[in-house]
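In: here are the coordinates; sequence isn't available:
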């Protein structure tokens, strides 16, 4: 879900910017590799730094002697070694990846109430790796680890309550557990809690608190929060409007490869807001996001090619990028693609394809597509 900053009609030579209070950034976290499962469709690669971990021994193991030492300790019942060995099997760190062995050793450590192992094991249950998927069991394991102040488990618990995964949905419980993890400076929890404050879910809406939480996570280089912070500076919500600050935070997230921020930064360059207008830079950032599958950036890039703004005019490239965005359901792109088929620009003229895409756009309420279909049905 997005909070939309601007939505310009397609008839105006301007671009759509769905900017970006990202709604559900929900992932599961395991103790030593950070992100491992998305609960919702988040179209960007994970950019987080590694979470400080008690499991550093597992992640740094490389020699046969070290691995043998961990195996020996695990066989003697040492919970930390069992957890390390489970992680190594789970991730293929210095050893052949084997989910069943990972499950076996993590289970042994979890039975000793070792929180990192409970967290790791919960992830395996949630993903159905090495064991049949069991979201209720995953919830129980996260709950046990969360009670031991394991911040990633507290975060996962908040995510489960927020989505109603393995437990009945409960916004207040989601807030409670996100808060517990956020107080430990766990950036993803600070981010999701900020979103809940921004949207008034499970807590009274408070843009200042959202700004504060996004700021805390952004200072930890958490790209989604850097992007949201830029959005708040653009909108003047929770903080005084400041486009230069928006550019700063969008840039930081964009440089980490965060597609939403790349698209937003491209838009500010296109508009000349908070930064000198530069169509070439706009194309650069739209392209970076578009190549990651960002639908709005694909549309924006197509428009730049069609108009020859910041790049040499190229109907074939416009057709290609409109096509990608259209197939992902972007109504403006579907309309533009239909027009290109109708005119034979960037592709061979094809009225059947033109009608197909115009109808798809019209079904989404695109007024210009509806008007053009009427003209095609009733030519002058």
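Out: Looks like it arrived, so ask away. The structure presented is a predicted model; accordingly, all values stated were derived computationally and were not measured.
In: Which strands or helices does the helix or strand where residue 70 lies pack on?
Out: Assigned by DSSP states H and E, residue 70 falls within helix 64-75. When contacts are defined as 3 or more CB pairs under 8 Å, 6 or more residues apart in numbering; DSSP states H and E, helix 64-75 packs onto helix 56-60, helix 79-91. C-beta here means a position set from N, CA and C on the backbone, and glycine is covered the same way.
In: That helix vs helix 79-91, what angle?
Out: Angle, helix 64-75 to helix 79-91, by axes from the mean of the first three to the mean of the last three CA atoms, to 10 degrees: 120 degrees.
In: which stretches of the stretch 1-150 of the chain form strands?
Out: Using DSSP state E, counting those that start in this stretch, the strands found in the stretch 1-150 of the chain span residues 27-30, 34-38.
In: Considering the ones you listed, which stretch scores lowest in mean pLDDT?
Out: Of all these, the segment with the smallest mean pLDDT is strand 34-38, scoring a mean of 22.
In: What is the end-to-end distance of stretch 127-134?
Out: From its first residue to its last, stretch 127-134 covers 8 Å (CA to CA, to the nearest Å).
In: Kindly tell me how buried the residue nearest to residue 328 when sequence neighbours are not counted is, as a neighbour count.
Out: Excluding the flanking residues, the one nearest residue 328 by CB to CB, 6 or more residues apart in numbering is residue 295, at 4.5 Å. Residue 295 has 22 neighbours, counted by other CB atoms under 10 Å.
In: still on that earlier bit, output the helices and strands packed on helix 64-75 as a markdown table; include the columns distance to residue 100 and mean pLDDT.
Out: Below are those laid out as a markdown table (distance: least, CB to CB, whole Å; pLDDT from 0 to 100):
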| stretch | distance to residue 100 | mean pLDDT |
| --- | --- | --- |
| helix 56-60 | 18 | 50 |
| helix 79-91 | 8 | 95 |
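In: will you turn those helices into TSV that also has mean neighbour count and distance to residue 165?
Out: Formatted as TSV, the helices and strands packed on helix 64-75 follow (neighbours: other CB atoms under 10 Å; distance: least, CB to CB, whole Å):
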stretch	mean neighbour count	distance to residue 165
helix 56-60	18	27
helix 79-91	26	21
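In: mind listing the helices for the stretch 151-300 of the chain?
Out: Taking DSSP state H, counting those that start in this stretch, the helices of the stretch 151-300 of the chain run over residues 151-163, 171-182, 187-199, 207-218, 223-235, 243-255, 259-271, 279-290, 295-307.
In: Now the ones you listed in CSV, please, with extra columns for mean pLDDT and distance to residue 130.
Out: As requested, the helices of the stretch 151-300 of the chain are arranged in CSV below (pLDDT from 0 to 100; distance: least, CB to CB, whole Å):
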stretch, mean pLDDT, distance to residue 130
helix 151-163, 96, 18
helix 171-182, 98, 26
helix 187-199, 96, 25
helix 207-218, 98, 32
helix 223-235, 96, 30
helix 243-255, 98, 35
helix 259-271, 97, 32
helix 279-290, 98, 36
helix 295-307, 98, 35
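In: For residue 121, which of those helices is the nearest?
Out: helix 151-163 (10.7 Å; CB to CB).
In: Could you check the angle that closest one makes with helix 187-199?
Out: Relative orientation of helix 151-163 and helix 187-199, computed by the same axes, to 10 degrees: 30 degrees.
In: So for helix 151-163, what gets flagged as buried?
Out: 151, 152, 153, 154, 155, 156, 157, 158, 159, 160, 161, 162 (16 or more other CB atoms under 10 Å).
In: now stretch 91-101
Out: By neighbour count on 16+ other CB under 10 Å, the buried set for stretch 91-101 is 91, 93, 94, 95, 99, 101.
In: From the residues you listed, pick the one nearest residue 116.
Out: Of all the buried residues of stretch 91-101, residue 91 has the smallest distance to residue 116: 13.7 Å, by CB to CB.
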